[in-house]
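# What would the 3D arrangement of this be:
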Amino acid sequence: MPETPPRVLTGLSVFLKSHLDAYKGKSLGLLANQASIGPDRRHALECLDDALPGAVKCLFAPQHGFYGVLQDNMEESPHFSLPDGRKVWSLYGETRKPDPSMLEGLDAVLCDLQDVGTRTYTFAQSVFLMMEACAEAGIEAVVLDRPNPAGGVILEGPALSPYLVSFVGMTLVPLRHGLTLGEHALFRNASRKPPARLTVIPMEGWGREMLFHGTGLPWIAPSPNLPTPMSAWLYPGAVMLEGTNISEGRGTTLPFQLAGAPYVDDPFRLAKRLEAMKIPDAYFRPAEFRPMFGKWAGEICRGVEIHPKDRTFKPFRAVLSLIEAIVRLWPDGFRLKEPPYEYETEKRPIDLIIGCPDLFDDLLAGNTAAEICLNLEPHLIAYDRRRTDCLLY
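The predicted model follows:
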C-alpha cells in the first residue's frame with residue numbers, strides 16, 4: 001500500500017531539494033546515525049552520494065554509534081571504516097570534540113541527527129562541539145533540522161546552572177527546552193565570541209505545536225532506548241530516573257514509560273498516591289516488570305506505566321511527582337545514583353540531569369513537585385523571551 005507523503009520535509013529533504021548547487025565541488029563531512037534518513041527511508045549518506053557524488057569524504061558518529069547499537073552511558077564506540085574505505089570518526093570515545101586531523105581537507109560538515117528536545121540528550125552537545133571544531137578549522141557547520149518530538153511550545157524544568165555545565169548540558173536552557181536541533185544550535189551560537197560559521201537548513205511544514213506523530217514522518221529510534229515517539233515524549237521527565245535507583249524501564253520493551261523498583265511493595269498503593277496528587281494530564285497504571293539488563297536486571301520491579309492523557313502532558317511534572325510519591329512512601333529504599341555520569345566524576349547525576357544544584361534537595365526536604373514546578377514558571381517565562389531570536393518556526 002502506498003504511503004501518504006509526510007506533512008513535514010526535514011532539513012535533509014530541503015537540502016536535497018534546494019541547496020545542492022551551493023555545495024557542488026565541496027568536500028563534506030557528515031555527522032549522522034541510523035536515524036538520519038531522507039526520502040523513501042534512504043540513509044542520508046546514500047542520498048548525498050547520489051546527489052553530490054564524491055562529496056562526502058568522512059563521517060562522524062554520536063553516542064550509541066553510527067548504527068545505534070550501544071546501550072549505556074559511557075559505553076564508547078570506536079572509529080571504523082565503511083567497506084568503501086571512508087572513515088567513521090566516533091565522537092563518543094577517545095574524544096567527544098573532533099580533532100583538527102578529522103576535519104582536514106573539508107569545506108563543511110553536515111549535521112543530521114534526530115534530537116529529542118531534552119537538554120540532557122547528548123546529540124546536541126556533539127553538534128555544539130562540532131560547531132566549535134569547525135570554527136577553529138575555519139569551515140562551515142551545517143545543521144539539517146528535524147522535528148522536536150516533544151513539540152516546541154511547552155517548556156519544563158529549571159534552566160541549567162553554569163555550575164552544572166557538562167556533556168549532558170552545555171546551554172543554559174530548561175530540561176524541556178522547546179527548540180529543534182537547528183534552533184538550539186542558533187541559541188548556542190548567539191553566545192559564542194566570535195560565532196561559528198553556522199548554517200541551519202530549516203524544515204518545511206513543521207509547526208511548534210506538532211508532536212512527532214503529527215509530522216507524518218517515520219520514526220527511526222535515534223538511540224536504543226527511545227524505540228517509539230511515546231518514549232521520546234516521556235523522556236524529558238523520565239530521564240530524571242537515571243539519577244536515582246528507580247528503574248526507568250531500560251531492559252524492557254517500554255523504556256522511559258515504565259518506572260519502579262523492587263523495594264516498591266505495592267504498585268496499586270503507588271498509583272493511588274499519584275491519583276490523589278491530581279496530576280491533570282497523566283494516568284499511572286499499576287505495573288510489574290523485570291528488566292533484562294541495566295538497573296535491577298533480572299529482578300521484579302513494581303511501579304507504574306505512565307500514560308499521557310492529551311497533548312498538554314508535562315513529563316517533567318509527572319515524573320517529579322512520581323519520584324516524590326516513592327520518596328514519601330518508601331524512604332528506606334530510595335537512593336540517589338552516585339557518580340560517575342556522562343564523564344562527570346564528582347557532581348551528583350541527579351543535579352546534572354535536572355540542571356539545578358538544589359532542586360532535588362528541596363523535594364527531599366518536603367517541598368512538593370507541584371510547588372517546585374509552580375516556582376519555576378517565572379524562569380520559564382523569562383527563558384521563553386530569551387529564545388525568541390533563534391526560533392525558526
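
# Report the mean per-residue pLDDT for the helix or strand hosting residue 101.
Secondary structure assignment for residue 101, by DSSP states H and E: helix 100-103. Helix 100-103 carries an average pLDDT of 98.

# chain center to that helix: distance?
Relative to the chain's own centre, helix 100-103 is displaced by 26 Å; criterion: C-alpha atoms, centre = their mean, to the nearest Å.

# any idea what sits nearest residue 309, other than its immediate chain neighbours?
In space, and not counting its chain neighbours, residue 309 is closest to residue 281: 4.9 Å by C-beta to C-beta, 6 or more residues apart in numbering. Any C-beta I mention is one placed from the backbone N, CA and C, and that applies to glycine too.

# before we move on, what about residue 219?
residue 229 (5.2 Å).

# what's the answer for residue 171, then?
Using C-beta to C-beta, 6+ apart, the nearest residue to residue 171 is residue 188, at 5.2 Å.

# which outside residues touch the helix or strand hosting the one you found?
Here residue 188, judged by DSSP H and E, is contained in helix 181-190. With contacts defined as C-beta atoms under 8 Å, 6 or more residues apart in numbering, helix 181-190 is touched by 11, 111, 113, 115, 123-124, 127-128, 131, 141, 143-146, 148, 152, 170-171, 173, 177, 179, 195-196, 198, 200-202, 387, 389-393.

# C-terminal to it, what's the next element?
Downstream of helix 181-190, the next assigned helix or strand under DSSP H and E is strand 198-201.

# Keeping just the C-alphas, turn that following strand into PDB.
Extracted C-alpha coordinates of strand 198-201, given in PDB (Å, rounded to 0.1, in the frame of the first residue of the first chain):
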ATOM      1  CA  LEU A 198      26.800  28.200  11.100                       C
ATOM      2  CA  THR A 199      24.100  27.500   8.600                       C
ATOM      3  CA  VAL A 200      20.800  25.900   9.500                       C
ATOM      4  CA  ILE A 201      18.600  24.300   6.800                       C
END
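
# Mind listing the strands it pairs with, and their directions?
Strand 198-201 has the following strand partners under DSSP bridges: strand 140-144 (parallel).

# How about the partner strand, which residues are buried there?
Buried residues in strand 140-144, counted by 16 or more other C-beta atoms under 10 Å: 140, 141, 142, 143, 144.

# So which of those residues is the closest to residue 275?
Of all the buried residues of strand 140-144, residue 275 sits closest to residue 143, with 42.6 Å by C-beta to C-beta.

# what residues are up against the closest one?
Residue 143 neighbours (C-beta under 8 Å, 6+ apart): 11, 111, 127, 181, 182, 185, 198, 199, 200, 201.

# on that earlier part again, the residue nearest to residue 309 contacts residue 307, correct?
No - assessed by C-beta atoms under 8 Å, residue 281 is found out of contact with residue 307, at 10.0 Å.
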